[in-house]
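Visitor: 3D model of this:
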Amino acid sequence: MNVRQSPYFRRAYKKLHPNELKRVNEAIRRIVADLQWGEEKRGDLTGVRVYKFRVRDKQFLLAYEFDADNLSLLALGVHRAAPMVPLLR
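Guide: Residues are numbered from 1 along each chain as shown. You can find the predicted model right below:
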């Protein structure tokens, strides 16, 4: 299987810490072994799958799509939860 990286994915990948790179590489190997690992998106993103995994206290999302011969890594990022804002009284 041919694995291709989008420029957006490549830019995010280069900025990762070595321990994060190890986990991302494990996630890519897992996806290559079974392309159905990720959750399929709906609507405008039909055909795109997102695989979620954790590195320490961060949740990473890896977006990809595939066909018979190619796996395209589209995006990689950290899930950002809404910040907790204290209520002012």
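
Visitor: what about the closest residue to G38 other than its chain neighbours, how many residues close to it?
Guide: In this structure, G38 finds its nearest non-sequential neighbour in R49, 3.4 Å apart by CB to CB, 6 or more residues apart in numbering. Quick note: C-beta positions are derived from backbone N, CA and C, even for glycine. The tally of other residues near R49 (other CB atoms under 10 Å) stands at 19.

Visitor: Need the per-residue pLDDT for R49.
Guide: R49 is assigned a pLDDT of 96 by the prediction.

Visitor: cool, the one 10 residues further on as well?
Guide: The confidence metric pLDDT takes the value 91 at Q59.

Visitor: For it, list each beta-bridge partner.
Guide: Note on Q59: beta-bridge partners by DSSP bridges are R54.

Visitor: list the contacts for it?
Guide: Listed by CB atoms under 8 Å, 6 or more residues apart in numbering, the contact set of Q59 reads K52, F53, V78, H79.
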